[in-house]
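Student: give me a model of this one.
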Amino acid sequence: MPTETLNEDHLTDGVIDLHVQMKDPADPARGRVPQYHYKITLHGSEEEIGTIRLRIGEHPALLTAGHVGYFVAEGSRGRHFAERACRLLGPVALDHGMTRIIVTCDPENAASRRTCERLGAHFAGIFEVPTDHEMYAKGARAVCRYDWALNTES
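Tutor: Model (predicted):
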């Protein structure tokens, strides 16, 4: 059920804030769905401590790329900011009719894997990156895939 009062441009949990930086439209010819790009800051600050994006919808390429991609600056790691940012995006995804989010990460990225586990996401396995996927061209050969079921009861 869509949330009529959700402000998708600025989200906060009182510890971090997400500020939308860009909204990309779908590009079906390139296999891209619409997405939001956010800057992560400490609450009330404008200093960027990371980024997160949410891809809306379904496309086979998302099985490799995932719906969510995040980065937290080295000096801000270890404080669960990626998890907090993901949780803030849950209502945005629900507002767009999504009931699950695919999160992928490098199999060697233990911190990102712990983030997925802390979210309560189900580990679906380690999958090879297709040779025609843009991630392959950037050097990725495998991804861990997690399925995060969103709470639809509110």
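Student: tell me, what residue is most central in this structure?
Tutor: Nearest to the mean C-alpha position of the chain, counting by C-alpha atoms, centre = their mean, stands residue 68 at 1.9 Å.
Student: what about the helices in this structure?
Tutor: Secondary structure of the chain (DSSP state H): helices at 62-65, 81-95, 110-119, 134-137.
Student: before we move on, the earlier item: and the residue nearest to the centre of the chain, what's its pLDDT?
Tutor: You'll see residue 68 listed with a pLDDT of 97.
Student: beta-bridge partners for it, please?
Tutor: Here residue 68 sits in beta bridges with residue 54, residue 103, going by DSSP bridges.
Student: wait, it sits on residue 52?
Tutor: Yes - contact status for residue 68 versus residue 52: in contact at 6.7 Å, counting by C-beta atoms under 8 Å. C-betas here are computed from N, CA, C, even on glycine.
Student: mutual contacts of these two, please.
Tutor: 86, 89 (C-beta atoms under 8 Å, 6 or more residues apart in numbering).
Student: wait, residue 42 sits on residue 15?
Tutor: Yes - when contacts are counted by C-beta under 8 Å, residue 42 is listed as touching residue 15 (7.4 Å).
Student: the more surrounded of those two?
Tutor: residue 42 (15 against 12; other C-beta atoms under 10 Å).
Student: show me where this protein has strands.
Tutor: For the chain, the strands defined by DSSP state E occupy 10-12, 16-24, 35-42, 48-55, 68-72, 100-105, 122-128, 142-149.
Student: those strands: which one's closest to residue 88?
Tutor: strand 10-12 (4.4 Å; C-beta to C-beta).
Student: buried set for the closest one?
Tutor: By 16 or more other C-beta atoms under 10 Å, the buried positions in strand 10-12 come out as residue 11.
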